[in-house]
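Trainee: Starting from these lines, generate the structure:
(one chain, ligands or ions: 1)
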Amino acid sequence: MLTKERVQSFLKEIEVDDLVTNLHVMGNDVYIDMVAHSPAMHEKKKLEVAMKQAFASEFGEETQLKLKITSPELPAQPEIKGKEIKGIKNIIAVASGKGGVGKSTVSANLAVTLAKMGFKVGILDADIYGPSVPTMFDTEGQKPISVEVEGKNLMQPIENYGVKMLSIGYFSGANQAVVWRGPMASKALNQMLRDANWGELDFLLIDLPPGTGDIHLSIIQEVPVTGAVIVSTPQHIALADVRKGIAMFNMESINIPVLGLIENMAYFTPEELPDNKYYIFGNQGAQYMAEDLGIPVLGEIPLIQSIREAGDVGRPAALQEDSKIAAIYTETAQKMIESLVERNKNLPATEAVKITTMAGCSPKKK
Ligand SMILES: Nc1ncnc2c1ncn2[C@@H]1O[C@H](COP(=O)(O)OP(=O)(O)OP(=O)(O)O)[C@@H](O)[C@H]1O
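Mentor: Sure, this is the predicted structure:
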């Protein structure tokens, strides 16, 4: 006869006993309430199918499994308090788990797209290891001038395509920056943030250095970030780094909401076959991961030769009027804004994040 004990020991055997919150056995009917690993629909479906199969093969078809699967409780809402930087409404950190995924290209294209949409936009190039904003905006060799504002000397950001920008690349000695440790980098960036004449901005994008080292924590510690956008490519290895990136923003002491994931080089489209999509690095990996992590995919950017060429000549591809790439970036920017509006509805304004410990945050030893 089917007993509660037998079912319990079977649940243990198939290693789902820790997910079960309630269990009753009445004749051939087994009532089980359980909690899925993640709120994603496909996770719940997967669990349901697996449970039904396991029960049928263990106890036979006559056993009726009455399963109720609920979502796990979401972690507490991030709680970021108070102080804003005067004139800057939203600070968005653009991050990537690893280098070379196109984070700077995505930041530049997002910035010009937001500017085209009529927003006041700035970009702060915090990628001290390889500042690329001067090249991507065709402003290499320019030097920010000093202006007096309300009795204070401030740096005047360089401007092109309607975007204001500052980068370590505009200052002499930029090549020394690669050896800076966190505190020095954060001091320089802080100056570019606070001692600059940004004026009124709807969005300030911060192009972070790649990775998740202590330099990031130093930056995030000083800057009141509203939300983070993570850029990745579809390869498994890049996606694994996304988890690390998201974990950094979710750390209890940091608690910055992740607005979503942008999948760069999601598919390849040859110039001569603009409607063809080749999923060279795999399809839908980012979608599944985002679903799993409970964050939205904000956009899928194709691998297109013209994006690279546009970056190299200093005119972000999204500026090409009526092009497919411009449309993709407009949609991505809209999704980012949606996510931001949701975040701003639920949370108070931001304040520099206080970091109390660096434990577990050092860069990986090479
Ligand atoms: N969607 C794309 N299609 C074609 N080329 C791209 C695309 N995205 C980026 N690239 C190219 O890939 C190269 C790397 O991009 P980028 O410098 O933006 O990466 P990154 O992640 O900022 O790198 P790092 O963080 O290591 O500095 C550049 O040559 C860029 O033009």
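
Trainee: Now the residue of the stretch 151-300 of the chain found nearest the ligand: phi and psi?
Mentor: Proximity of the stretch 151-300 of the chain to the ligand (Cβ to the nearest ligand atom) peaks at P210, 3.7 Å away. The way it works is simple: take the backbone N, C-alpha and C, and place the C-beta from them, glycine included. Note on P210: backbone dihedrals following degrees, to the nearest 10 are phi -70, psi 150.

Trainee: Next, count neighbours for the closest residue to it other than its chain neighbours.
Mentor: Spatial nearest neighbour of P210, chain neighbours left out: G99 (3.6 Å); criterion: Cβ to Cβ, 6 or more residues apart in numbering. By the criterion of other Cβ atoms under 10 Å, G99 has 14 neighbours.

Trainee: Just to be sure, G99 is in a strand?
Mentor: No - using DSSP: H, G, I helix; E, B strand; the rest coil, the assignment for G99 is coil, not a strand.

Trainee: S132 is in contact with D125, isn't it?
Mentor: Yes - look at S132 against D125 with Cβ atoms under 8 Å: they come within range, at 7.0 Å.

Trainee: residues shared between the contacts of the two?
Mentor: Overlap of the contact sets of S132 and D125 (by Cβ atoms under 8 Å, 6 or more residues apart in numbering) consists of 104, 169, 207.

Trainee: Any idea what the spatially most central residue of the chain is bridged to?
Mentor: Centroid check for the chain by Cα atoms, centre = their mean gives I230 as the closest residue, at 2.3 Å. Counting by DSSP bridges, I230 is bridged to A95, L261.

Trainee: Get me the contact residues on the stretch 1-150 of the chain for the ligand.
Mentor: The stretch 1-150 of the chain comes close to the ligand at residues 96, 99-105, 127, 130, 132, as judged by Cβ under 6 Å from any ligand atom.

Trainee: now do 8 Å
Mentor: By the rule Cβ under 8 Å from any ligand atom, the part of the stretch 1-150 of the chain lying against the ligand is 96, 98-108, 127, 129-130, 132, 136.

Trainee: Mind giving me the ChimeraX command for buried ones among those?
Mentor: Written as a ChimeraX command, the selection of buried residues from these, which uses 16 or more other Cβ atoms under 10 Å, is:
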select :96,98,101,102,103,104,105,106,107,108,127,129,130,132,136
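
Trainee: any idea of the pLDDT on E79?
Mentor: Confidence at E79, expressed as pLDDT, is 41.

Trainee: do the same with R181
Mentor: R181 is assigned a predicted lDDT (pLDDT) of 62.

Trainee: again, but for P363
Mentor: 35.

Trainee: ditto for S96
Mentor: 89.

Trainee: Surely it and G245 touch.
Mentor: Yes - counting by Cβ under 8 Å, S96 touches G245, with 6.7 Å between them.

Trainee: Pull up the overlap in contacts between those two.
Mentor: By Cβ under 8 Å, 6+ apart, the residues touching both S96 and G245 are I230.

Trainee: So, low pLDDT: which residues of the stretch 151-300 of the chain?
Mentor: 172-183, 236-238 (pLDDT under 70).

Trainee: Pull up the residues of it that are close to the ligand.
Mentor: Counting by Cβ under 8 Å from any ligand atom, the residues of the stretch 151-300 of the chain that sit close to the ligand are 207, 209-210, 231, 264-265.

Trainee: Just the ones in strands from the residues of the stretch 1-150 of the chain next to the ligand, please.
Mentor: S96 (DSSP state E).

Trainee: wait, what's in contact with D127?
Mentor: D127 neighbours (Cβ under 8 Å, 6+ apart): 103-104, 207-210.

Trainee: give me that answer again for 6 Å
Mentor: D127 sits next to 207, 209 when contact means Cβ atoms under 6 Å, 6 or more residues apart in numbering.

Trainee: And T233, by the same measure?
Mentor: Contacts for T233 (Cβ under 6 Å, 6+ apart) come out as 101, 264-265.

Trainee: three-state assignment of A111?
Mentor: When classified by three-state DSSP, A111 comes out as helix.

Trainee: Now for it: which residues touch it?
Mentor: Here A111 is in contact with 121, 123, 163, 205 (criterion: Cβ under 6 Å, 6+ apart).

Trainee: ranges for the strands of this protein?
Mentor: So, for the chain - with DSSP E - the strands run 20-26, 29-35, 64-70, 88-96, 121-125, 146-149, 152-155, 158-160, 163-167, 201-207, 227-232, 258-268, 297-303.
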